[in-house]
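> Next input, structure requested:
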Amino acid sequence: MISNSLVELDRAHLVHPLASYRGHEASGVRVLASAKGATVTDADGRELLDGFAGLWCVNAGYGQRALIDAATEQLQTLPYATGYFGLGSEPAIRLAARLAEHAPGDLNHVYFSLGGSDAVDSTIRFIRYYQHSVGRPQKDQFISVENGYHGSSTSGAGLTALPVFHTGFGVPHNWQHKIPSHYAYRNPAGTDSDAIIEASVSALRAKIAELGAERVAAFYAEPIQGSGGVLVPPAGWMKAMHAVCKEHDILFVADEVITGFGRTGPLFACSEDGIVPDFLTVAKGMTSGYVPMGAVFMTDRVYNAIADGAGSAPVGHGQTYSAHPVSAAVGLACLDLYENGLLDNGRMAGARLMEGLHSLADHPLVGDVRGRGMLAAIELVTDKAQKTPLPAASEPGRRIFDRAWQNGLIIRAFNQGVLGYAPPLCCTETEIDAIIERTRKTLDQTLEDSDVRSVLKG
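Numbers count the residues shown, from 1 in each chain. As a prediction, the model looks like this:
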């Protein structure tokens, strides 16, 4: 009865993100009631392994006492402190310092946002301010990568290169431009890593030449493209793109909202890629999703240019909940967990996850297995030689998600037939193995669909 009541209240009042409103009204909400470790329980008592850590974010797992205690203590001590008027709080100050200590190179300055979308939006404003400060206001064009995701804010959604975030919203803006993705499985340059990197470098150079290097302000890239289908670039791709930007005095923004905080192994994927971007955005794993928070890191050079450009005037950017003390306290507690074994466990679990997913490569529907650490995907096809996607009529996103749910597993099922994985870093070997076995069962069931079997080749 409680569950039914909640379904009706949800249907009548709650607007869900990235949902078909009419479709959701018809199907109704699945209510999550509790969670512990890597397991969530719905309102009907069904237990499910969360193979996606909420929305790529519950890196530490559910029910971590240290995080709950940190939030509770801070709520009792100082539940809010503004960063305006020169004020601050100890948790926010200490978190900024510890994050800067861990960040690559001289990314020593941290602005706290509420999440990933407004962290990206903040970089747009900071970049424009920087270019004005250094006397280059004409540098006002931004480049990102097809299949990339950089949030759904009014400006950031235009840097995002996924059609669903553009349709009906009037984006991208005319100052936002794209180059093709590295998408190794479906790259016109083939599967050779050097050829893919060369193609991306050539595309970036061509776009810069088209716009004029004197006009291009910044380039945005994810170390792994998450919402585009967990697209992993060849080793050295980020470094090569970074070098082109340096050559043309274009600011490089590494969007680590998904990849940060142990998702690919290290605390920041950029350290593994061997680059120091001019800006780095994070969120999600910074607080393991327990409370909202994001951040923008900027290098000494960028920060000093903005500060000198402003002089005694304020830099007109801020939010009420920037540097929120409760979120910062949770962030500090998360860092403690990462430093004291969680990253190590994530690396071991990630290796087992990749090994398990590769064991599915011989399944008739599996065309590609890709990933790094605890961020992975398998791409389903009906013809391995031609890489033919599952038929749209089979509704692979909805149908596979529903099947996995019935099998006790939560994954990200993209509409093009890509299954995304981002389990909590606390997963045990048994839990990783269960994710693989429940995936195999879901694939076997999908293989029996008549509309899939009718087009299956090989």
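> So the chain: which segments form each domain?
Listed by automatic domain parsing, the domain ranges of the chain are 31-63+341-453, 81-323.
> Take those and write them to CSV, including mean neighbour count.
Any C-beta I mention is one placed from the backbone N, CA and C, and that applies to glycine too. Shown next, in CSV, are the domains of the chain (neighbours: other Cβ atoms under 10 Å):
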stretch, mean neighbour count
domain 31-63+341-453, 19
domain 81-323, 20
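> SS state for M241?
Assigned by DSSP: H, G, I helix; E, B strand; the rest coil, the conformation of M241 is helix.
> Distance of it relative to G289?
The gap separating M241 from G289 is 29 Å, by Cβ to Cβ, to the nearest Å.
> by contact count, what packs against the top strand by length along the chain?
The strand that spans the most residues within the chain, counting by DSSP state E, is strand 375-383. Applying 3 or more Cβ pairs under 8 Å, 6 or more residues apart in numbering; DSSP states H and E, one finds that strand 375-383 makes contact with helix 343-358, strand 366-372, strand 388-389, strand 418-421, helix 429-447.
> Looking at these, which is nearest to S5?
helix 429-447 (30.3 Å; Cβ to Cβ).
> Run the angle between that closest one and helix 343-358 for me.
30 degrees (axes from the mean of the first three to the mean of the last three Cα atoms, to 10 degrees).
> Report the secondary structure state of the residue nearest the centre of the chain.
For the chain, the residue sitting closest to the mean C-alpha position, by Cα atoms, centre = their mean, is I258 at 2.6 Å. Three-state assignment for I258 (three-state DSSP): coil.
> and if you look at K457?
At K457 the chain is in coil, as set by three-state DSSP.
> Before we move on, what's the pLDDT of the nearest residue to it once chain neighbours are set aside?
Leaving aside its sequence neighbours, K457 sits nearest to D383 (Cβ to Cβ, 6 or more residues apart in numbering; 3.9 Å). pLDDT for D383: 96.
> Please report how far D383 lies from L390.
Per Cβ to Cβ, D383 is found 10 Å from L390.
> And C270, by the same measure?
34 Å.
> that older thread, which among the domains of the chain is found nearest to N4?
Nearest to N4 among the domains of the chain is domain 31-63+341-453 (9.4 Å), distances taken as Cβ to Cβ.
> now the end-to-end length of that closest one.
Using Cα to Cα, to the nearest Å, one end of domain 31-63+341-453 lies 33 Å from the other.
> next one: stretch 53-63
End-to-end distance of stretch 53-63: 13 Å, with Cα to Cα as the criterion.
> swap in stretch 109-120?
15 Å.
> all numbers from here: first residue = 809
From this message on, residue numbering opens at 809, which makes the last subject stretch 917-928.
> mind showing which ranges of the stretch 1009-1158 of the chain have poor pLDDT?
For the stretch 1009-1158 of the chain, applying pLDDT under 70 flags no range at all.
> can you put the helices and strands packed on strand 1183-1191 in TSV and add distance to N955?
What follows is these, written out as TSV (distance: least, Cβ to Cβ, whole Å):
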stretch	distance to N955
helix 1151-1166	20
strand 1174-1180	13
strand 1196-1197	14
strand 1226-1229	11
helix 1237-1255	23
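> nearest to S1035, of these?
Of all the helices and strands packed on strand 1183-1191, it is strand 1226-1229 that lies closest to S1035, at 8.5 Å by Cβ to Cβ.
> Note down every partner strand of the closest one and its orientation.
Applying DSSP bridges, strand 1226-1229 is found paired with strand 1183-1191 (antiparallel), strand 1220-1221 (antiparallel).
> Select, out of those strands, the one closest to V1138.
Nearest to V1138, of all the strands paired with strand 1226-1229, is strand 1183-1191, at 22.1 Å by Cβ to Cβ.
> Between strand 1174-1180 and that closest one, find me the angle.
Angle, strand 1183-1191 to strand 1174-1180, by the same axes, to 10 degrees: 170 degrees.
> quick one: contacts for the closest residue to S989 other than its chain neighbours?
Excluding the flanking residues, the one nearest S989 by Cβ to Cβ, 6+ apart is N955, at 4.1 Å. Taking Cβ atoms under 8 Å, 6 or more residues apart in numbering as the contact definition, N955 lies against A969, L970, S989, Y991, Q1033, G1036, G1037, L1039.
> pLDDT score for N955?
On pLDDT, N955 comes in at 98.
> ok, now A1201?
A1201 is assigned 86 on the pLDDT scale.
> Not counting sequence-adjacent ones, nearest residue to it?
Leaving aside its sequence neighbours, A1201 sits nearest to D1259 (Cβ to Cβ, 6+ apart; 5.7 Å).
> pretty sure that neighbour is touching P1204, no?
No: taking contacts as Cβ atoms under 8 Å, D1259 lies outside contact range of P1204: 10.3 Å.
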